[in-house]
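>>> Okay, predicted coordinates and the sequence, questions at the end:
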Amino acid sequence: MKSSAAAAVIHAEKLTRTYTLGGARIIGIDAVDLDIPEGELVLLKGVSGSGKSTLLSLLAGLDRPTGGQLTVAGRDLIRASGPTLDDYRRRVVGMVFQSFNLMPTLNVLENVCLPALLAGRPDTAVQSRAVELLEWLGLGARLTHLPGQLSGGEMQRTAIARALINDPAVILADEPTGNLDTRNGAVVIELLAELSRSSKKTVVIATHGSQADKVATRRIRLRDGRIQ
Ligand SMILES: Nc1ncnc2c1ncn2[C@@H]1O[C@H](COP(=O)(O)OP(=O)(O)OP(=O)(O)O)[C@@H](O)[C@H]1O
């Protein structure tokens, strides 16, 4: 194995995801080779339908490849069993979505603690880490508020805290600024950049926009499921 591959947090070889729909074969991701080292902030770009969400879903362990190899933080996602993938999703990756995906009936603190409680971590340690993260994100005064009482930017910062609660090696973000105004979008991008710079998180952002261009360490352009 080459040294770049050995150091990579994300390593894909001939990674493929095809769909069969009404007898037709549709290509989501087509034999993609990829090595992403620790601490990089990578942008996935490409027109609608080029495969950005498919690739993110494969990296997130939300979807299964139909071919190739995929290793993230030393975990083989091709051979992983269902329970192993559940554990991977809880501990290795943190997800940030365009529509925030917060639980509307849980307050900010409860939303952030949820993935850690699901991972079986003790309540008191989880609470203090959640408060620490929320204070770092400027939400220390909003712990008991419900998502519906927050602005879009505050909801996305809550979602970032939730993504970080289990200290994942990799943060995956699908259009994280898509529902935010320019100012709040810039704050979210700067937070993700800070996580890659200071905490050495590997951050992968799928986006149509140009807001993250200046903080990216690498840009990957997809077309018809292939890296251009
Ligand atoms: N569940 C599915 N069944 C069939 N085809 C699918 C499915 N999911 C994705 N595809 C197809 O795979 C290709 C890549 O889709 P994908 O959603 O990854 O693109 P994208 O770049 O994320 O697009 P967008 O920017 O619009 O979100 C498209 O041709 C899409 O129609």
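Ah, there it is. Residues are numbered from 1 along each chain as shown.
>>> and Gly68, what element?
Following DSSP states H and E, one finds Gly68 within strand 67-72.
>>> Run the chain-centre distance for the helix or strand immediately after that strand in the chain.
Moving toward the C-terminus from strand 67-72, the next helix or strand (DSSP H and E) is strand 75-76. How far strand 75-76 lies from its chain's middle: 17 Å, per Cα atoms, centre = their mean, to the nearest Å.
>>> what about the strands in this structure?
8-21, 24-37, 41-45, 67-72, 75-76, 93-97, 170-174, 202-206, 218-223, 226-227 (DSSP state E).
>>> hey, which of the ones you listed is tucked in deepest?
Ranked by mean neighbour count, those are led by strand 202-206 with a mean of 28 (mean count of other Cβ atoms under 10 Å). Yep, even glycine has a C-beta here, placed from its N, CA and C like the rest.
>>> in its sheet, what does it sit against?
strand 41-45 (parallel), strand 170-174 (parallel) (DSSP bridges).
>>> and the first one with the ligand, contact?
When you say that, I think you mean strand 41-45. No. Judged by Cβ under 6 Å from any ligand atom, strand 41-45 stays clear of the ligand, getting no closer than 8.0 Å.
>>> can you check the last one too?
No. With Cβ under 6 Å from any ligand atom as the measure, strand 170-174 is seen stopping short of the ligand, the closest distance being 7.9 Å.
>>> before we move on, back to that, for the strands paired with strand 202-206, which one sits closest to Leu55?
Leu55 lies closest to strand 41-45 among the strands paired with strand 202-206, at 6.3 Å (Cβ to Cβ).
>>> And stretch 203-216, what's buried?
The neighbour-count check on stretch 203-216 (16 or more other Cβ atoms under 10 Å) flags 203-207, 209, 211-212, 215-216 as buried.
>>> same thing with stretch 154-173?
154-166, 168-173.
>>> State the distance from Leu150 to Trp136.
17 Å (Cβ to Cβ, to the nearest Å).
>>> How far does stretch 164-181 stretch from one end to the other?
23 Å (Cα to Cα, to the nearest Å).
>>> Would you pull up how far that stretch lies from the middle of the chain?
Computed by Cα atoms, centre = their mean, the separation of stretch 164-181 from the middle of its chain amounts to 5 Å.
>>> begin at 93 from here
Understood, numbering begins at 93; the last thing we discussed is stretch 256-273.
>>> Sketch out the low-pLDDT regions of the protein for me.
By pLDDT under 70, the low-scoring segments of the chain are 93-98.
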